[in-house]
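[1] quick one, structure for this:
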Amino acid sequence: MSDARRTLDDVALTDAASPRRVAPHHFRDLVWHFARAELASTHRMTTLGWLWPLVRQLAQLAILVFVFSRLLHLGIKNFPVFVFSGLVTWNWFSAGVSRSSTALLEQRHLLFQPRFPSRVVPVVAIFVPLLDVVFALPVLFVMLTFSGGLSWSASALPLVLALQFLMMVGLAWWLAAGSVFFRDIPNLVAVILLLLFYLTPVFYSHHNIPSQYAWVLGLNPMTIIIDATRSVLLSSGAPDWGALALLFVFDVVLVTSAYVAFGRLQGRFVDYL
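    A predicted model of the protein is given here:
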(Lines give C-alpha, C1' and ligand atoms only; values in the text may rest on other atoms or scores of the structure.)
Protein backbone atom coordinates (compact mmCIF):
# COMPACT_ATOMS: atom_id res chain seq x y z
CA MET A 1 0.00 0.00 0.00
CA SER A 2 1.40 3.42 -0.92
CA ASP A 3 2.03 6.20 1.62
CA ALA A 4 -0.73 8.31 0.06
CA ARG A 5 -3.22 5.41 0.13
CA ARG A 6 -2.35 4.71 3.77
CA THR A 7 -2.81 8.38 4.65
CA LEU A 8 -6.21 8.44 2.95
CA ASP A 9 -7.26 5.37 4.93
CA ASP A 10 -6.13 7.07 8.14
CA VAL A 11 -8.23 10.10 7.24
CA ALA A 12 -11.25 7.90 6.65
CA LEU A 13 -10.85 6.23 10.07
CA THR A 14 -10.20 9.39 12.07
CA ASP A 15 -12.65 11.77 10.41
CA ALA A 16 -15.32 9.72 8.70
CA ALA A 17 -18.01 12.32 9.35
CA SER A 18 -16.09 14.98 7.44
CA PRO A 19 -14.37 13.08 4.62
CA ARG A 20 -12.71 16.13 3.08
CA ARG A 21 -11.16 17.38 6.33
CA VAL A 22 -7.69 16.15 7.14
CA ALA A 23 -5.30 16.48 10.05
CA PRO A 24 -2.31 18.79 9.46
CA HIS A 25 0.24 15.98 9.54
CA HIS A 26 -1.78 13.91 7.07
CA PHE A 27 -2.12 16.97 4.84
CA ARG A 28 1.66 17.46 4.96
CA ASP A 29 2.31 13.81 4.15
CA LEU A 30 -0.02 13.94 1.16
CA VAL A 31 1.60 17.11 -0.19
CA TRP A 32 5.06 15.58 0.09
CA HIS A 33 4.00 12.26 -1.47
CA PHE A 34 2.32 13.81 -4.51
CA ALA A 35 5.08 16.39 -4.97
CA ARG A 36 7.70 13.65 -4.93
CA ALA A 37 5.67 11.56 -7.38
CA GLU A 38 5.26 14.52 -9.75
CA LEU A 39 8.98 15.31 -9.64
CA ALA A 40 9.88 11.70 -10.30
CA SER A 41 7.50 11.56 -13.24
CA THR A 42 8.70 14.88 -14.69
CA HIS A 43 12.40 14.05 -14.57
CA ARG A 44 12.20 10.34 -15.40
CA MET A 45 14.49 9.24 -18.24
CA THR A 46 16.39 12.57 -18.21
CA THR A 47 20.14 12.89 -17.77
CA LEU A 48 20.22 15.90 -15.43
CA GLY A 49 17.02 15.03 -13.59
CA TRP A 50 16.16 17.53 -10.86
CA LEU A 51 18.95 19.86 -12.03
CA TRP A 52 16.99 20.92 -15.12
CA PRO A 53 15.07 23.70 -13.29
CA LEU A 54 18.41 25.12 -12.12
CA VAL A 55 19.79 24.95 -15.65
CA ARG A 56 16.79 26.92 -16.92
CA GLN A 57 17.26 29.58 -14.25
CA LEU A 58 20.97 29.92 -15.00
CA ALA A 59 20.24 30.22 -18.73
CA GLN A 60 17.71 32.95 -18.01
CA LEU A 61 20.26 34.65 -15.77
CA ALA A 62 22.90 34.57 -18.51
CA ILE A 63 20.57 36.24 -21.02
CA LEU A 64 19.48 38.97 -18.60
CA VAL A 65 23.05 39.66 -17.49
CA PHE A 66 24.26 39.90 -21.07
CA VAL A 67 21.45 42.20 -22.19
CA PHE A 68 21.36 44.51 -19.17
CA SER A 69 25.06 44.66 -18.35
CA ARG A 70 26.56 44.60 -21.86
CA LEU A 71 23.92 46.04 -24.18
CA LEU A 72 21.71 48.14 -21.90
CA HIS A 73 23.77 48.95 -18.85
CA LEU A 74 21.60 49.70 -15.80
CA GLY A 75 24.41 50.69 -13.48
CA ILE A 76 23.59 48.10 -10.81
CA LYS A 77 26.48 46.86 -8.69
CA ASN A 78 27.11 43.10 -8.65
CA PHE A 79 24.45 42.66 -11.31
CA PRO A 80 24.56 38.81 -11.72
CA VAL A 81 23.86 38.23 -8.01
CA PHE A 82 21.31 41.02 -8.01
CA VAL A 83 19.37 39.42 -10.86
CA PHE A 84 19.67 35.84 -9.65
CA SER A 85 18.32 36.74 -6.20
CA GLY A 86 15.25 38.17 -7.93
CA LEU A 87 14.90 35.30 -10.38
CA VAL A 88 14.88 32.63 -7.67
CA THR A 89 11.85 34.10 -5.92
CA TRP A 90 10.08 35.24 -9.09
CA ASN A 91 10.41 31.91 -10.90
CA TRP A 92 8.95 30.11 -7.88
CA PHE A 93 6.03 32.54 -7.80
CA SER A 94 5.42 32.38 -11.55
CA ALA A 95 5.65 28.60 -11.81
CA GLY A 96 3.58 27.98 -8.68
CA VAL A 97 0.76 30.37 -9.61
CA SER A 98 0.65 29.06 -13.17
CA ARG A 99 0.58 25.44 -12.05
CA SER A 100 -2.07 26.04 -9.41
CA SER A 101 -4.46 27.65 -11.90
CA THR A 102 -4.75 24.31 -13.74
CA ALA A 103 -4.07 21.96 -10.82
CA LEU A 104 -7.61 20.74 -10.22
CA LEU A 105 -8.32 20.44 -13.94
CA GLU A 106 -5.23 18.31 -14.54
CA GLN A 107 -5.69 16.16 -11.41
CA ARG A 108 -9.47 15.80 -11.66
CA HIS A 109 -9.24 12.04 -11.16
CA LEU A 110 -8.17 12.62 -7.55
CA LEU A 111 -11.27 14.65 -6.82
CA PHE A 112 -13.52 11.72 -7.68
CA GLN A 113 -12.19 9.93 -4.61
CA PRO A 114 -14.71 10.86 -1.90
CA ARG A 115 -12.19 10.96 0.95
CA PHE A 116 -9.53 12.93 -0.89
CA PRO A 117 -8.90 16.46 0.52
CA SER A 118 -8.90 18.54 -2.65
CA ARG A 119 -7.05 21.44 -0.98
CA VAL A 120 -3.90 19.31 -1.25
CA VAL A 121 -3.74 19.59 -5.05
CA PRO A 122 -3.10 23.36 -5.35
CA VAL A 123 -0.58 23.23 -2.52
CA VAL A 124 1.34 20.51 -4.35
CA ALA A 125 1.39 22.80 -7.40
CA ILE A 126 3.30 25.47 -5.47
CA PHE A 127 5.40 23.05 -3.43
CA VAL A 128 7.00 21.40 -6.48
CA PRO A 129 8.66 24.63 -7.78
CA LEU A 130 9.70 25.43 -4.19
CA LEU A 131 12.12 22.52 -4.50
CA ASP A 132 13.65 24.40 -7.45
CA VAL A 133 14.42 27.19 -4.99
CA VAL A 134 16.13 24.68 -2.71
CA PHE A 135 18.46 23.70 -5.57
CA ALA A 136 19.08 27.30 -6.62
CA LEU A 137 19.93 28.70 -3.18
CA PRO A 138 23.31 26.92 -2.83
CA VAL A 139 24.35 28.39 -6.20
CA LEU A 140 23.21 31.83 -5.04
CA PHE A 141 25.15 31.46 -1.78
CA VAL A 142 28.30 30.52 -3.71
CA MET A 143 27.87 33.59 -5.89
CA LEU A 144 27.44 35.73 -2.77
CA THR A 145 30.54 34.22 -1.17
CA PHE A 146 32.70 35.19 -4.14
CA SER A 147 31.15 38.64 -4.43
CA GLY A 148 31.39 39.79 -0.83
CA GLY A 149 30.32 37.03 1.49
CA LEU A 150 27.24 36.17 3.52
CA SER A 151 26.26 38.06 6.65
CA TRP A 152 24.08 37.34 9.67
CA SER A 153 21.12 39.00 7.93
CA ALA A 154 20.84 35.99 5.57
CA SER A 155 19.29 34.07 8.48
CA ALA A 156 16.09 36.08 7.88
CA LEU A 157 15.66 34.57 4.40
CA PRO A 158 13.47 31.63 5.59
CA LEU A 159 11.03 34.17 7.05
CA VAL A 160 10.79 35.98 3.71
CA LEU A 161 10.25 32.69 1.86
CA ALA A 162 7.61 31.65 4.41
CA LEU A 163 5.66 34.85 3.74
CA GLN A 164 5.87 34.18 0.01
CA PHE A 165 4.69 30.60 0.51
CA LEU A 166 1.71 31.78 2.57
CA MET A 167 0.75 34.28 -0.10
CA MET A 168 1.04 31.65 -2.82
CA VAL A 169 -1.14 29.19 -0.91
CA GLY A 170 -3.93 31.75 -0.80
CA LEU A 171 -3.57 32.54 -4.50
CA ALA A 172 -3.39 28.84 -5.37
CA TRP A 173 -6.66 28.00 -3.61
CA TRP A 174 -8.47 30.95 -5.18
CA LEU A 175 -7.18 30.30 -8.70
CA ALA A 176 -7.58 26.52 -8.61
CA ALA A 177 -11.17 26.74 -7.40
CA GLY A 178 -12.03 29.53 -9.82
CA SER A 179 -10.61 27.65 -12.80
CA VAL A 180 -13.03 24.78 -12.26
CA PHE A 181 -15.94 27.11 -13.04
CA PHE A 182 -14.23 29.63 -15.34
CA ARG A 183 -11.81 27.94 -17.74
CA ASP A 184 -10.47 31.29 -18.98
CA ILE A 185 -8.64 31.83 -15.69
CA PRO A 186 -5.45 29.89 -16.63
CA ASN A 187 -5.12 31.94 -19.82
CA LEU A 188 -5.73 35.16 -17.89
CA VAL A 189 -3.12 34.13 -15.32
CA ALA A 190 -0.54 33.56 -18.08
CA VAL A 191 -1.13 37.07 -19.44
CA ILE A 192 -0.99 38.68 -16.00
CA LEU A 193 2.24 36.86 -15.10
CA LEU A 194 3.82 38.05 -18.36
CA LEU A 195 2.92 41.65 -17.57
CA LEU A 196 3.76 41.33 -13.88
CA PHE A 197 7.30 40.16 -14.65
CA TYR A 198 8.07 43.59 -16.09
CA LEU A 199 6.29 45.33 -13.20
CA THR A 200 8.42 43.47 -10.65
CA PRO A 201 12.01 44.60 -9.94
CA VAL A 202 13.58 41.31 -10.98
CA PHE A 203 16.28 42.68 -13.30
CA TYR A 204 16.12 46.37 -12.37
CA SER A 205 16.00 48.42 -9.17
CA HIS A 206 13.80 51.23 -7.92
CA HIS A 207 16.51 53.69 -8.97
CA ASN A 208 15.83 52.81 -12.61
CA ILE A 209 12.15 53.80 -12.33
CA PRO A 210 10.94 57.42 -12.63
CA SER A 211 9.58 58.57 -9.28
CA GLN A 212 6.07 59.20 -10.65
CA TYR A 213 5.73 55.49 -11.47
CA ALA A 214 7.25 54.10 -8.27
CA TRP A 215 3.80 53.66 -6.70
CA VAL A 216 2.99 50.98 -9.29
CA LEU A 217 5.76 48.77 -7.94
CA GLY A 218 4.55 49.42 -4.41
CA LEU A 219 1.19 47.78 -5.22
CA ASN A 220 2.92 44.53 -6.16
CA PRO A 221 3.43 42.15 -3.19
CA MET A 222 6.30 40.48 -5.04
CA THR A 223 8.16 43.80 -4.88
CA ILE A 224 8.17 43.49 -1.09
CA ILE A 225 9.39 39.88 -1.30
CA ILE A 226 12.21 40.60 -3.73
CA ASP A 227 13.30 43.77 -1.92
CA ALA A 228 13.39 41.88 1.37
CA THR A 229 15.36 39.04 -0.21
CA ARG A 230 17.95 41.45 -1.53
CA SER A 231 18.10 43.33 1.75
CA VAL A 232 19.05 40.24 3.74
CA LEU A 233 21.39 38.80 1.09
CA LEU A 234 23.02 41.76 -0.63
CA SER A 235 22.87 44.80 1.62
CA SER A 236 23.70 42.88 4.81
CA GLY A 237 20.95 44.73 6.61
CA ALA A 238 17.50 44.13 8.03
CA PRO A 239 14.55 44.08 5.64
CA ASP A 240 11.73 46.60 5.83
CA TRP A 241 9.89 45.08 8.79
CA GLY A 242 6.93 47.42 8.32
CA ALA A 243 6.43 46.26 4.74
CA LEU A 244 6.78 42.61 5.79
CA ALA A 245 4.21 43.14 8.56
CA LEU A 246 1.75 44.55 6.02
CA LEU A 247 2.47 41.60 3.75
CA PHE A 248 1.79 39.20 6.62
CA VAL A 249 -1.61 40.81 7.25
CA PHE A 250 -2.36 40.59 3.52
CA ASP A 251 -1.31 36.92 3.51
CA VAL A 252 -3.54 36.05 6.46
CA VAL A 253 -6.58 37.72 4.87
CA LEU A 254 -5.84 36.08 1.51
CA VAL A 255 -5.34 32.58 2.92
CA THR A 256 -8.33 32.77 5.25
CA SER A 257 -10.68 33.97 2.51
CA ALA A 258 -9.32 31.37 0.08
CA TYR A 259 -9.70 28.57 2.62
CA VAL A 260 -13.33 29.46 3.31
CA ALA A 261 -14.21 29.95 -0.37
CA PHE A 262 -12.52 26.71 -1.39
CA GLY A 263 -14.39 24.81 1.31
CA ARG A 264 -17.72 26.15 0.12
CA LEU A 265 -17.04 25.40 -3.53
CA GLN A 266 -15.32 22.01 -3.37
CA GLY A 267 -18.60 20.11 -3.10
CA ARG A 268 -19.50 21.34 -6.60
CA PHE A 269 -16.14 20.57 -8.26
CA VAL A 270 -17.09 17.09 -9.49
CA ASP A 271 -20.18 18.44 -11.26
CA TYR A 272 -18.02 20.78 -13.38
CA LEU A 273 -15.11 18.43 -13.99
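[2] where do the helices sit along the stretch 101-250 of the chain?
    For the stretch 101-250 of the chain, applying DSSP state H, counting those that start in this stretch gives helices covering 108-111, 120-147, 157-181, 185-198, 214-218, 221-233, 241-265.
[3] wait, which of these is closest to residue 271?
    Closest approach to residue 271 among those is made by helix 157-181 (9.3 Å; CB to CB). To be clear about C-beta, it is placed using only N, CA and C from the backbone, and glycine gets the same treatment.
[4] residue 128 and residue 185, how far apart?
    Distance check for residue 128 against residue 185: by CB to CB, to the nearest Å, it reads 20 Å.
[5] output the helices of the stretch 101-250 of the chain in CSV; the columns should cover mean neighbour count and distance to residue 97.
    Output for those, formatted as CSV (neighbours: other CB atoms under 10 Å; distance: least, CB to CB, whole Å):
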stretch, mean neighbour count, distance to residue 97
helix 108-111, 16, 20
helix 120-147, 19, 8
helix 157-181, 21, 6
helix 185-198, 14, 6
helix 214-218, 12, 18
helix 221-233, 22, 10
helix 241-265, 15, 13
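[6] for the ones you listed, which one sits closest to residue 25?
    helix 120-147 (12.8 Å).
[7] and that closest one, what does it pack against?
    In terms of contacts (3 or more CB pairs under 8 Å, 6 or more residues apart in numbering; DSSP states H and E), helix 120-147 is packed against helix 24-42, helix 52-66, helix 79-106, helix 157-181.
[8] with distance to residue 246 added, can I get these in a markdown table?
    Formatted as a markdown table, the helices and strands packed on helix 120-147 follow (distance: least, CB to CB, whole Å):
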| stretch | distance to residue 246 |
| --- | --- |
| helix 24-42 | 27 |
| helix 52-66 | 29 |
| helix 79-106 | 18 |
| helix 157-181 | 10 |
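[9] can those helices go into CSV with extra columns for mean pLDDT?
    Below are the helices and strands packed on helix 120-147 laid out as CSV (pLDDT from 0 to 100):
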stretch, mean pLDDT
helix 24-42, 79
helix 52-66, 78
helix 79-106, 92
helix 157-181, 96
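[10] coming back round to it: the helices of the stretch 101-250 of the chain into TSV, with extra columns for distance to residue 74?
    Formatted as TSV, the helices of the stretch 101-250 of the chain follow (distance: least, CB to CB, whole Å):
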stretch	distance to residue 74
helix 108-111	45
helix 120-147	17
helix 157-181	24
helix 185-198	14
helix 214-218	15
helix 221-233	14
helix 241-265	23
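[11] wait, which of those helices is closest to residue 33?
    Residue 33 sits nearest to helix 120-147 of all these, at 9.0 Å, using CB to CB.
[12] how far off helix 221-233 does that closest one point, in degrees?
    40 degrees (axes from the mean of the first three to the mean of the last three CA atoms, to 10 degrees).
[13] show the average pLDDT along helix 120-147.
    The average pLDDT for helix 120-147 rounds to 88.
[14] what is the neighbour count of residue 104?
    If you count neighbours by other CB atoms under 10 Å, residue 104 ends up with 25.
[15] so who does the residue most central in space within the chain touch?
    With distances taken as CA atoms, centre = their mean, residue 93 lies nearest the centre of the chain, 3.6 Å away. Taking CB atoms under 8 Å, 6 or more residues apart in numbering, we find residue 93 in contact with 164, 168, 222, 225.
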